[in-house]
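A.B. asks: Next one to model:
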Amino acid sequence: MPTTFWFPMYCNDFLASTKIAVMTTEEIGAYTLLLCHAWQDPQCSLPADEETLKKLGRISGDISNIRACFIVKRGRLVNERLLKEWVKANHNKEMASQSAKQRWDKKRTTDAMRSHIRTPCSSPSPSPSPKEEDRIASTVQKPSSTLTDELWIQSFKTNPLYTGIDIDLQLKRAQSWLQTNAPRRQFTRKYFGNWMTGEIGKKPMIAESLGRPCQTRVKRGLEFTPCNKPATTMIGTRPVCAEHDVKKDAL
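C.D. replies: Just a heads-up that it's a prediction; the model follows:
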């Protein structure tokens, strides 16, 4: 059975023991040494020979007070309290070792399964013909990071998803909004892509507003009445005409 390199010392129990109370300082020191030797023994025991005990405890003279703390089992001396703690400590150590082994075995099994899944199939696949390679190359879109700014903006203009949206105007609006509301944030392609996604969501509202009268109130004489010109866009939920598109004017 494996042996741990330390054992618990319960101070209250040690000082409250009547067997310890009758010992001298030298006897307490010898007793502590004998406990240490017993803890390191494969059976947590000591030889019953008195001369050997004196050598191990580094003491001379009478050791009857020390022997009173041990009992004889199978021809050897055993401290019952120490043996109980020794069995508990080694059991805990063995359980911890088994638990660690199970975790490592599980990790090795998981890693092996992942490695098997990631390993490409070894069976050869047919090579595409030259015409097939040209067709594949033409359909693969290059990452936006490889495009210049001009080509990147042009990709929005040629995308049918953004039909009816003024890309240049939206670019200015996105930059203006960022400078006003989040000056520390950088203008990135990802940010503008999210902006344009929002604009796509507004297209049904804008389409619905086309032809409706502009709701901007203008002063006519002493009263303010709606403009009523055909709306071309939306500001929030309000249809407005090109003349009263304040966002466009602000840019």
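A.B. asks: check contacts around residue 98.
C.D. replies: With contact set as CB atoms under 8 Å, 6 or more residues apart in numbering, residue 98 has no partners. Yep, even glycine has a C-beta here, placed from its N, CA and C like the rest.
A.B. asks: That one: which element?
C.D. replies: Residue 98 belongs to helix 80-118 when assigned by DSSP states H and E.
A.B. asks: chain center to that helix: distance?
C.D. replies: From the chain centre to the centre of helix 80-118 is a distance of 24 Å (CA atoms, centre = their mean, to the nearest Å).
A.B. asks: The closest residue to residue 226 other than its chain neighbours - how many residues pack around it?
C.D. replies: Nearest residue to residue 226, sequence neighbours excluded (CB to CB, 6 or more residues apart in numbering): residue 215, at 5.4 Å. When neighbours are counted by other CB atoms under 10 Å, residue 215 registers 17.
A.B. asks: so residue 215 makes contact with residue 224?
C.D. replies: No: using CB atoms under 8 Å, residue 215 is not in contact with residue 224; the gap is 11.7 Å.
A.B. asks: for stretch 167-177, which positions count as buried?
C.D. replies: Within stretch 167-177, the residues that qualify as buried are 167, 170-171, 173-174, counting by 16 or more other CB atoms under 10 Å.
A.B. asks: do stretch 50-57 as well
C.D. replies: 53-54, 56-57.
A.B. asks: could you redo those as TSV and give each row distance to residue 37 and pLDDT?
C.D. replies: What follows is the buried residues of stretch 50-57, written out as TSV (distance: CB to CB, whole Å; pLDDT from 0 to 100):
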residue	distance to residue 37	pLDDT
53	9	95
54	12	95
56	5	96
57	8	95
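A.B. asks: returning to what we had before: is it fair to say the residue nearest to residue 226 lies in a helix?
C.D. replies: No: Residue 215: not assigned to a helix; according to DSSP: H, G, I helix; E, B strand; the rest coil it is coil.
A.B. asks: got any ranges where the chain has weak pLDDT?
C.D. replies: 1-3, 116-146, 200-211, 234-237, 246-251 (pLDDT under 70).
A.B. asks: All the strands of the stretch 1-150 of the chain, residue numbers only.
C.D. replies: 46-47, 71-73, 76-78 (DSSP state E, counting those that start in this stretch).
A.B. asks: tell me what the shortest one is packed against?
C.D. replies: So the one you mean is strand 46-47. Contact analysis of strand 46-47 by 3 or more CB pairs under 8 Å, 6 or more residues apart in numbering; DSSP states H and E lists helix 25-40, helix 50-57, strand 76-78 as its packing neighbours.
A.B. asks: Give the pairing partners of it; include direction for each.
C.D. replies: Next to strand 46-47 in the sheet, as set by DSSP bridges, lie strand 76-78 (antiparallel).
A.B. asks: what number of residues lie near residue 162?
C.D. replies: With other CB under 10 Å as criterion, residue 162 counts 17.
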